[in-house]
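# Pasting a predicted model and its sequence here:
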Amino acid sequence: MDTVTLSYLTTAAGGLLLWFLEGFIPFFSGRESRGKHAGLNLSIAGLNLLILLPSGIMMAFALEQSKAVWSGVKALELPFFLETLLVILLIDLWMYFWHRINHEIDFFWRFHSIHHSDPSMDVTTAWRFHYVEIVLSELLRFPVFILIGAGIEDLILYSMLMTPVIEFHHSNVSIPSSVDRLLRIIIPTPLMHRVHHSVTRSEHDSNYGSMLSLWDRLFGSFRLKKDVKSMTIGLDNESAPEQQRLFALLARPFHN
């Protein structure tokens, strides 16, 4: 089995496991139509695969060709482990800043807000992004990853490490607060990311980390909230039932 296939299988298996766990030990209880909600988010994810699959092929080609003219951090000639670790850290740092840019610049927020408008955040929300955001993200990754000197094997490794973390911190699984406290020393946790999806802007402009919580602590965007269970998830004026339909979500950024 090749690593790309393994990466997709890991994503699917992790998502399915968390979705079932959400049904048995939910943090926010009383949610209905979980299947309908998952169907909507997975439909959006399916559309995005039409972008991500060919982009991945082009990325592999671009990174391979760039090696001849630019080595990035690999020019430092570090031991393999340290080199790989540095590349992974730089990729995750880029993901932090890209996420923050999507909140702080109105043009990008227009598209990223589709992700935040989900009033019933669960593991399937981890794959709910407007296709324009996906296109912009993929276009910007090319020069960034070439500058870093990443190889396609680094991106696959990062994806296999990062994706389960993203699925986990979007999930509606209830875990003991002591476990969450311990885990967030290293990774963004469900309690952290629920604050990020608060309807209150001062709260959802925080906790941007994808795989590591380090960046939020380092750049002052780390935030916790005591009474998360009473918090409203979603966005004002964008999370009503009639707005949570496939074509309404795809069209929403082009209004106003």
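Cool, the structure landed.
# neighbours around the residue lying closest to Gly149 once chain neighbours are set aside, how many?
Distances taken as Cβ to Cβ, 6 or more residues apart in numbering place Gly72 nearest to Gly149, at 1.7 Å, with adjacent residues excluded. (Glycine included, C-beta is placed from N, CA and C.) Gly72: 20 surrounding residues under other Cβ atoms under 10 Å.
# likewise the one 4 residues further on?
Summarising burial for Leu76: neighbours were counted as other Cβ under 10 Å, giving 11.
# Please verify my assumption that it contacts Glu83.
Yes. At 7.2 Å, Leu76 and Glu83 qualify as touching, with contact defined as Cβ atoms under 8 Å.
# thinking again about what came up before, how much space between the residue nearest to Gly149 and Asp154?
10 Å (Cβ to Cβ, to the nearest Å).
# Show me whatever sits in contact with both of those two.
Residues touching both Gly72 and Asp154 by Cβ atoms under 8 Å, 6 or more residues apart in numbering: Val87.
# ok, Pro190 - contacts?
Contacts of Pro190 (Cβ under 8 Å, 6+ apart): Phe27, Phe168, His169, His170, Ser171, Asn172, Val173, Ile175, Asp180.
# For the first one, which non-adjacent residue is closest in space?
By that I understand Phe27. Ser174 (4.2 Å).
# I'd say that neighbour and Leu18 touch.
No. In this structure, Ser174 is not within contact of Leu18 by Cβ under 8 Å, at 11.7 Å.
# Compare the two (neighbour count), which wins?
Each of Ser174 and Leu18 has its neighbours counted (other Cβ under 10 Å); Leu18 has more, 20 against 17.
# host element of the more buried one?
helix 3-24 (DSSP states H and E).
# how about that helix: buried residues?
Ser7, Thr10, Thr11, Gly14, Gly15, Leu18, Trp19, Leu21, Glu22 (16 or more other Cβ atoms under 10 Å).
# Which other helices and strands does whatever helix or strand comes next after that helix contact?
The helix or strand immediately downstream of helix 3-24 is helix 34-66, counting by DSSP H and E. Secondary-structure packing of helix 34-66 (3 or more Cβ pairs under 8 Å, 6 or more residues apart in numbering; DSSP states H and E): helix 3-24, helix 131-148, helix 152-170, helix 246-251.
# Turn those into a markdown table, including mean pLDDT and distance to Leu49.
A markdown table is the format used below for these (pLDDT from 0 to 100; distance: least, Cβ to Cβ, whole Å):
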| stretch | mean pLDDT | distance to Leu49 |
| --- | --- | --- |
| helix 3-24 | 86 | 10 |
| helix 131-148 | 96 | 9 |
| helix 152-170 | 95 | 14 |
| helix 246-251 | 96 | 15 |
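# Any chance of those helices in TSV with distance to Val228 as columns?
Below are the helices and strands packed on helix 34-66 laid out as TSV (distance: least, Cβ to Cβ, whole Å):
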stretch	distance to Val228
helix 3-24	16
helix 131-148	26
helix 152-170	13
helix 246-251	25
